[in-house]
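*Asks:* Sequence plus the predicted model coming up.
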There are 2 protein chains.
Amino acid sequence: MSDPNRIWTAGLVIIGDEILSGRTHDKNIPQVASWLQVQGIRLAEVRVVPDVQERIVEAVNELRARNDYLFTTGGIGPTHDDITVDAIAAALGVDVEIHPEAHAILEAYYADKGGLNEGRLRMARAPAGATLIPNRRSGAPGLRVENLFIMAGVPSITAGMLDALTGQLEGGAPLISETVGGFIPESEVASLLRDVEKAHENCQIGSYPFFREGRVGANFVIRSTDADALASCMRKLCEGLSDLGYDFTPGGI
Amino acid sequence: MSDPNRIWTAGLVIIGDEILSGRTHDKNIPQVASWLQVQGIRLAEVRVVPDVQERIVEAVNELRARNDYLFTTGGIGPTHDDITVDAIAAALGVDVEIHPEAHAILEAYYADKGGLNEGRLRMARAPAGATLIPNRRSGAPGLRVENLFIMAGVPSITAGMLDALTGQLEGGAPLISETVGGFIPESEVASLLRDVEKAHENCQIGSYPFFREGRVGANFVIRSTDADALASCMRKLCEGLSDLGYDFTPGGI
């Protein structure tokens, strides 16, 4: 029997010079993170690495060794800088092959768009042993090899691939959360947060300050896999804020 | 004499459960990346790690060993989950001390806001040997220790700290770039991109596809530290796109 309290984790490797140059603003970290939460899997670490094979291999091997799952985004298109498949095959110590099913999908997709060429054929390449992650948007599929999921970098395509994987991965109890916020300087309630967290060992409280309308404030997020502990922790935190004379808004502001 | 072709690099460690949970969308990667480009420093890797001391220590020590500079964002506020200073002191093997200058700044800042308390005093703590990075926005300073820069997580405060560091760090020739884009399927020009890149050894060409208005397209970004090579590479790429019959827009679309 599997342990109901087991925490399942995933690593994420974002592959792309365009993120490291600041040109492209990553949208896949929050998207993958939120999706994993719903699957009952915790995102344990993210690494953003350049389009350099040895750097991809290192990040993939380190993060897949210490997590249940490893996701990558980026670098699976048709151009010369798309080296993710080669890097992951190298990381796993397997060959790169033309995947017959991917080849058939791409052949059909490009039938009325000029047919397959060298670049498009690149997108049929896969580490040996891979299965496909469907991509309804643009033909070229993502790939699954062992506990490793190779996805596109364009966020709308990544979204479709995550959608195709929904419910397919074993996870634990989803991490649930409650938020309460207000124009409350976090530096005035730091002791309260610490004490309430200490009194609820299955809960973590995060404090996320902001500046808005010229005033400081914060949202306090309680996370737990235990609904009862979460409710009790939320109640105690709100009581504490009330005792200190603060206005606050459940759900956060 | 220093080598004019030396490439200076930086690592970035983003500290915070809120990024890994998907709750907060990171804005510091593009901000730090763009700022570094202007300083002539290349962002070589980013890691996003949770509020767990051993994970912060590991990321900091690995990335500072292999880069000229290491930046961190997040975890320097007044609450119990702000453990960056302790983690970095542990990574460096130094003590945590109350920094007298930071203490004086915070005392003055909070003089008309209820004075220093336990939480606020946390923000005067620093690894031994640290100097301050000014923060005009909210009092609590960032910290510099050796080649390590400890900055806030709130993007507007991070921006002010980067501003204070502008021109302070030694870098190399800035990486410059040219972009050309159009409703051009990257899979139709993959060979052109590869050939033009090969003919210009000081240039890298990145291809960034998009879906817009129901059509596929891409921006092609050429990066180099050599202005002449960049101009020549851009000219050849535009000629090639023209020869293939594509409309394109210098500057990208």
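*Replies:* Structure's in. What do you need?

*Asks:* Pull the number of nearby residues for residue A:186.
*Replies:* 22 (other CB atoms under 10 Å in any protein chain shown). For the C-beta atoms, the positions are set from N, CA and C on the backbone; glycine is no exception.

*Asks:* likewise residue A:101?
*Replies:* Residues contacting residue A:101 under the criterion other CB under 10 Å number 13.

*Asks:* Same check on residue A:67?
*Replies:* For residue A:67, using other CB under 10 Å, the count is 20.

*Asks:* wait, it sits on residue A:11?
*Replies:* Yes: using CB atoms under 8 Å, residue A:67 is in contact with residue A:11, at 4.4 Å.

*Asks:* what touches both of these two?
*Replies:* A:44, A:45 (CB atoms under 8 Å, 6 or more residues apart in numbering or on different chains).

*Asks:* in stretch A:129-142, what's buried?
*Replies:* A:130, A:132, A:133, A:135, A:137, A:138, A:139, A:140, A:141, A:142 (16 or more other CB atoms under 10 Å in any protein chain shown).

*Asks:* hmm, I was thinking of stretch A:75-95
*Replies:* Buried-residue list, stretch A:75-95, by 16+ other CB under 10 Å: A:75-92, A:94.

*Asks:* That stretch vs chain B: in contact?
*Replies:* Yes: applying CB under 8 Å from any CB of the partner chain, one finds stretch A:75-95 touching chain B at A:77, A:78, A:79, A:80, A:81.

*Asks:* Looking at those, which one is closest to residue A:120?
*Replies:* residue A:78 (5.5 Å; CB to CB).

*Asks:* Let's have the buried residues of stretch A:129-142 in JSON lines, adding pLDDT.
*Replies:* Output for the buried residues of stretch A:129-142, formatted as JSON lines (pLDDT from 0 to 100):
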{"residue": "A:130", "pLDDT": "98"}
{"residue": "A:132", "pLDDT": "97"}
{"residue": "A:133", "pLDDT": "96"}
{"residue": "A:135", "pLDDT": "89"}
{"residue": "A:137", "pLDDT": "77"}
{"residue": "A:138", "pLDDT": "75"}
{"residue": "A:139", "pLDDT": "79"}
{"residue": "A:140", "pLDDT": "88"}
{"residue": "A:141", "pLDDT": "94"}
{"residue": "A:142", "pLDDT": "97"}
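
*Asks:* ok, residue A:169 to chain B distance?
*Replies:* 16 Å (CB to the nearest CB, to the nearest Å).

*Asks:* show me what contacts that residue?
*Replies:* Residue A:169 makes contacts with A:39, A:41, A:69, as judged by CB under 8 Å, 6+ apart.

*Asks:* before we move on, back to that, quick check: of the buried residues of stretch A:129-142, which lies closest to residue B:199?
*Replies:* residue A:140 (27.4 Å).

*Asks:* Return the subset of the buried residues of stretch A:129-142 lying in strands.
*Replies:* A:132, A:133, A:142 (DSSP state E).

*Asks:* Which of these sits closest to chain B?
*Replies:* Nearest to chain B among those is residue A:142, at 15.0 Å by CB to the nearest CB.

*Asks:* could you pull out the helices for the stretch 51-200 of chain A?
*Replies:* Applying DSSP state H, counting those that start in this stretch to the stretch 51-200 of chain A gives helices spanning A:53-66, A:84-92, A:100-109, A:118-122, A:155-165, A:190-198.

*Asks:* Can you list the strands that the strand or helix carrying residue A:43 pairs with?
*Replies:* Following DSSP states H and E, one finds residue A:43 within strand A:41-49. Using DSSP bridges, strand A:41-49 pairs in its sheet with strand A:8-15 (parallel), strand B:41-49 (antiparallel).

*Asks:* With mean neighbour count added, can I get those strands in a markdown table?
*Replies:* Shown next, in a markdown table, are the strands paired with strand A:41-49 (neighbours: other CB atoms under 10 Å in any protein chain shown):
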| stretch | mean neighbour count |
| --- | --- |
| strand A:8-15 | 24 |
| strand B:41-49 | 25 |
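
*Asks:* Residue B:147: which of the ones you listed is closest?
*Replies:* Among the strands paired with strand A:41-49, strand B:41-49 sits nearest to residue B:147 (CB to CB), with 11.2 Å.

*Asks:* so for that closest one, what's the average pLDDT?
*Replies:* For strand B:41-49, mean pLDDT is 97.

*Asks:* now do stretch A:148-160
*Replies:* 94.

*Asks:* got a list of contacts for it?
*Replies:* A:14-16, A:27-28, A:31-32, A:60, A:64, A:69-77, A:84-85, A:88, A:92, A:130, A:133-138, A:140, A:142-144, A:161-162, A:165, B:209-211.

*Asks:* Buried ones in that stretch, by neighbour count?
*Replies:* With burial defined by 16+ other CB under 10 Å, the residues of stretch A:148-160 counted as buried are A:148, A:149, A:150, A:151, A:152, A:153, A:154, A:155, A:157, A:158, A:159, A:160.

*Asks:* Would you convert those residues into a markdown table that also reports distance to residue B:235?
*Replies:* Formatted as a markdown table, those follow (distance: CB to CB, whole Å):
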| residue | distance to residue B:235 |
| --- | --- |
| A:148 | 41 |
| A:149 | 40 |
| A:150 | 36 |
| A:151 | 35 |
| A:152 | 31 |
| A:153 | 28 |
| A:154 | 28 |
| A:155 | 32 |
| A:157 | 32 |
| A:158 | 34 |
| A:159 | 37 |
| A:160 | 38 |
